[in-house]
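Visitor: Give me the fold of what follows.
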Amino acid sequence: MEDVHDHELVLREANLRYLNQLQSITDAPSPSALERIWVGFLIEAAEKVRRDRRDTRAYASLMRDADDEDREWSDAAARIAGEHWQRTN
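Guide: Predicted coordinates:
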């Protein structure tokens, strides 16, 4: 992880996984199973944050060379994605 903010993102993402898979936590047959589930959440969350960072850097690199049409398309796509995210979260 690159900085403290990344660690916060990992914990936030792990917490989302926990909330979305609460049944697996409540059905854990033992403390060690619960620990394995939580470690799995942390690993998945860290991998997602790492992928998101990589994708962000790649996107920023592409946008440096983008023309006006590319920027307009990208802005529209980001706006639609943001609206979708707000509706679903």
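
Visitor: Which parts of this protein are helices?
Guide: 4-20, 22-26, 31-64, 68-88 (DSSP state H).

Visitor: helices and strands of this structure: which one bottoms out on pLDDT?
Guide: The weakest-scoring helix or strand in the chain, judged by mean pLDDT, DSSP states H and E, is helix 68-88 (a mean of 86).

Visitor: So, low pLDDT: which residues of the chain?
Guide: 1-2 (pLDDT under 70).

Visitor: re earlier: same list, the helices of the chain, but as CSV with mean neighbour count please.
Guide: Where you see a C-beta, it was placed from the backbone N, CA and C, and this is true even at glycine. Shown next, in CSV, are the helices of the chain (neighbours: other Cβ atoms under 10 Å):
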stretch, mean neighbour count
helix 4-20, 14
helix 22-26, 11
helix 31-64, 13
helix 68-88, 10
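
Visitor: Can you check what angle separates the least confident helix or strand of the chain from helix 31-64?
Guide: Interaxial angle, helix 68-88 versus helix 31-64 (axes from the mean of the first three to the mean of the last three Cα atoms, to 10 degrees): 150 degrees.

Visitor: Which neighbouring elements make contact with helix 68-88?
Guide: helix 31-64 (3 or more Cβ pairs under 8 Å, 6 or more residues apart in numbering; DSSP states H and E).

Visitor: The helix it packs on - contacts with which helices or strands?
Guide: On a contact count with 3+ Cβ pairs under 8 Å, 6+ apart, helix 31-64 meets helix 4-20, helix 22-26, helix 68-88.

Visitor: With distance to Leu62 added, can I get these in a markdown table?
Guide: As requested, the helices and strands packed on helix 31-64 are arranged in a markdown table below (distance: least, Cβ to Cβ, whole Å):
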| stretch | distance to Leu62 |
| --- | --- |
| helix 4-20 | 22 |
| helix 22-26 | 38 |
| helix 68-88 | 8 |
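
Visitor: Those: which one's closest to Arg57?
Guide: Counting by Cβ to Cβ, Arg57 lies closest to helix 4-20 out of the helices and strands packed on helix 31-64; the figure is 13.2 Å.
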